[in-house]
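Q: What shape does this take:
(one chain, ligands or ions: 2)
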Amino acid sequence: MQETKKPFFYDITLRDGNQALKKPWNTKEKEIIFNQLLSLGVQGIEVGFSGASDMDFEACSYLASIAPDNVVISALARAVKHDIEKVAAAIKSANKPRIHTFIAMSPFNMKYVLRKEPDEVKKIAIDAVKYAKSLMGEKGEVQFSVEHFGDCKENLPYVIDSLKEIVDAGATIINLPNTVERTRPLEFVKMINEVVKALPEHVTIAVHCHNDLGMATATTVESYFAGAVQLECSLNGLGERAGNTNLYEVAVTLHNSEIDIHLDLSKIYETALIVAEMSGVEIYEKCALIGPDALAHRSGIHQDGALKTKDMEKGAYRPIHPSLIGRDDDEKLGFTSQSGKTAVYEIITKAGYPITMQEAVRITPAIKEAAEKVGELPTRNILDIYLKEIFEVKGNFKLIEFKRIDEGKFNLQFTYKDKKFKLNGMGDGPLSGCLDALKQAGFPQKLLHYEQVAMDEELKGVDADAMTIIHFETPDKQVVVCRGKDNSTAKANVKAVFNGLNLIEQLHNS
Ligand code: KIV
Ligand code: ZN
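A: Numbers count the residues shown, from 1 in each chain. Ligands and ions are numbered 1, 2, ... in the order given. This next block holds a predicted model:
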């Protein structure tokens, strides 16, 4: 493996991407994408196929006229005079103009599509490059692409010999496209390496991969490590058929591989959204890095790992911190039957409702049961279950009435199983009065902690004026957290006690 050079990001969204759109962009639309490319900091931009239409010629000319001095501006030309002249005319005002010409050299294409002999094809290529170079003069460059290079395994010696002459004719950038991705990335990468070794050092080798089998990113990245310096990519992977290599994936992979890439990665997410909107090609759910689901965790194990590493740069279940690409939406937890207590805790807390981990453990089975029926549960449904399970604990203890009858004297009516109780309890407040009555009924409780919170603090989202939080200790020394809510603080206390009684009984029976 050779020493790597600084990667040269050459974007082809405005050419390969544009030619594959259902409605190709006009100049104004291309300018928006062009500006995004500049903010990302790509080193080269192929602005179009100037011979394709008057509209594209106009767009290429305009973009060349507004291009910054340090960015290479190219347009595509078949290896024919007319196309080459169109490109030269369109990009002449750029500071770094480049004519990009190409012809297919695979045996299959030469025979069945071009219907020409290899020697004829070689001559066309050399003549095209010579002509392009004569139009560019000293100021501009010529890039030559071996269309269908990926299909040239059997005639690679012919391709290499031709390329040597094409370089002598004036091309300084040789692009090796995987015009149709048909087989293993490694086979292609080996061919790239053969060409790198055969051509003079000053020649820049480029790769241009289509994504027909979904491996364009892998092929591009590995081609870089095999000596290709110019990486032809597109925004959102736009391009013919299944698209071209996605620029974001290559950039982030190289970044993660500690390669110094000169791009502003923080512009990726915003760019992706703009491109999706303008192209009408939606970002699919599972799209790497930018997909809506790319930050979602649904299995309990993943949710646990994701939460434990949430604020760290490296995450247990993500390749980057989302902020690296300018995504400010957090990792998101979707609750399904595969999810667990950590997600329950996180989703409810994030929604602004109070819950302890112990409570999350307790209510998780009910939430999972609901998710089994409907799939991913919306937060609203999780909260409904939470409110029921936390504030209306089902059990044998049923409160009928609680009222103050005199100073320090309270009346409590409740049922336990089939038995009805009506008792007066004494205490300096409703809670102690209630506990005293329960003790007389044969249900003494050990109170560890009592807290009442006002609506505007912890109670966000709970429909009541007051909430009581009580911790009881069970005879076997377990701590049970229970809550009650009501518009009356006294009733909130008593409801919390009864929720606690039912919870303690559930624990005892489990
Ligand atoms: O895919 C391809 O081969 C191309 C060339 C014209 C570079 O787009
Ligand atoms: Zn292409």
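Q: which parts of this protein sit against ligand 1?
A: Within the chain, the positions adjacent to ligand 1 are 16, 76, 102, 145, 147, 175, 177, 179, 208, 210 by Cβ under 6 Å from any ligand atom. C-beta here means a position set from N, CA and C on the backbone, and glycine is covered the same way.
Q: Tell me the most packed of these, by neighbour count.
A: When neighbours are taken as other Cβ atoms under 10 Å, the top entry among the residues of the chain next to ligand 1 is residue 208 (31 neighbours).
Q: buried ones in whichever strand or helix holds that residue?
A: Using DSSP states H and E, residue 208 maps to strand 204-209. Neighbour counts using 16 or more other Cβ atoms under 10 Å place 204-209 of strand 204-209 among the buried residues.
Q: Tell me which other helices or strands that strand touches.
A: Contacts defined by 3 or more Cβ pairs under 8 Å, 6 or more residues apart in numbering; DSSP states H and E place strand 204-209 against strand 8-11, strand 141-147, strand 173-178, helix 185-198, helix 216-225, strand 230-233.
Q: For the third one, list the C-alpha coordinates in PDB.
A: As requested, C-alpha coordinates have been extracted for strand 173-178 and formatted as PDB (Å, rounded to 0.1, in the frame of the first residue of the first chain):
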ATOM      1  CA  ILE A 173      -5.800  13.900 -14.400                       C
ATOM      2  CA  ILE A 174      -6.800  10.300 -15.300                       C
ATOM      3  CA  ASN A 175     -10.200   9.300 -14.000                       C
ATOM      4  CA  LEU A 176     -11.000   5.600 -13.600                       C
ATOM      5  CA  PRO A 177     -14.700   5.200 -13.300                       C
ATOM      6  CA  ASN A 178     -16.600   2.200 -12.100                       C
END
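Q: Start and end of stretch 326-339, how far apart?
A: 28 Å (Cα to Cα, to the nearest Å).
Q: Show me what the lowest-mean-pLDDT helix or strand in the chain pairs with in its sheet, parallel or antiparallel.
A: Least confident helix or strand of the chain, by mean pLDDT, DSSP states H and E, is strand 332-333 with a mean of 90. Note on strand 332-333: by DSSP bridges, its sheet partners are strand 296-297 (parallel).
Q: immediately after the partner strand, which helix or strand?
A: Once the chain leaves strand 296-297, the next helix or strand it forms, by DSSP H and E, is helix 300-308.
Q: buried set for that next one?
A: Buried residues in helix 300-308 (16+ other Cβ under 10 Å): 300, 302-307.
Q: cool, stretch 264-275 as well?
A: 265, 267-269, 271-272, 274-275.
Q: cool, stretch 343-359 as well?
A: For stretch 343-359, by 16+ other Cβ under 10 Å, it's 343-348, 353-356, 359.
Q: For ligand 1, state which of those is nearest.
A: Ranked by distance to ligand 1 (Cβ to the nearest ligand atom), these are led by residue 343 at 44.0 Å.
Q: check contacts around the closest one.
A: 297, 300, 303, 333, 335 (Cβ atoms under 8 Å, 6 or more residues apart in numbering).
Q: thinking again about what came up before, who wins for proximity to residue 372 among the helices and strands packed on strand 204-209?
A: Closest approach to residue 372 among the helices and strands packed on strand 204-209 is made by helix 216-225 (36.5 Å; Cβ to Cβ).
Q: The residue of the chain positioned farthest from its centre pairs with what?
A: Farthest-out residue of the chain from its mean C-alpha position, per Cα atoms, centre = their mean: residue 406, at 63.5 Å. Applying DSSP bridges to residue 406 gives these bridge partners: residue 409.
Q: Assess the claim that residue 230 and residue 176 are in contact.
A: No - contact between residue 230 and residue 176 fails when scored by Cβ atoms under 8 Å: they sit 10.0 Å apart.
Q: Find the nearest non-adjacent residue to residue 287, please.
A: In this structure, residue 287 finds its nearest non-sequential neighbour in residue 294, 6.6 Å apart by Cβ to Cβ, 6 or more residues apart in numbering.
Q: buried stuff in the host helix or strand of residue 385?
A: Using DSSP H and E, residue 385 sits within helix 379-391. Buried residues in helix 379-391, counting neighbours by 16+ other Cβ under 10 Å, are found at 382-383, 385-387, 389-391.
Q: Now tabulate those in a markdown table and tack on pLDDT.
A: Shown next, in a markdown table, are those (pLDDT from 0 to 100):
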| residue | pLDDT |
| --- | --- |
| 382 | 96 |
| 383 | 94 |
| 385 | 96 |
| 386 | 95 |
| 387 | 93 |
| 389 | 96 |
| 390 | 96 |
| 391 | 95 |
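Q: quick one: contacts for residue 64?
A: So residue 64 contacts 47, 73, 90-94, 97 (Cβ under 8 Å, 6+ apart).
Q: mind redoing it with 7 Å?
A: Neighbouring residues of residue 64 by Cβ atoms under 7 Å, 6 or more residues apart in numbering: 47, 73, 90-91, 93-94, 97.
Q: from these, which is closest to ligand 1?
A: The closest of these to ligand 1 turns out to be residue 47 (Cβ to the nearest ligand atom; 14.2 Å).
Q: Go ahead and report the secondary structure state at that closest one.
A: Secondary structure for residue 47, judged by DSSP: H, G, I helix; E, B strand; the rest coil, is strand.
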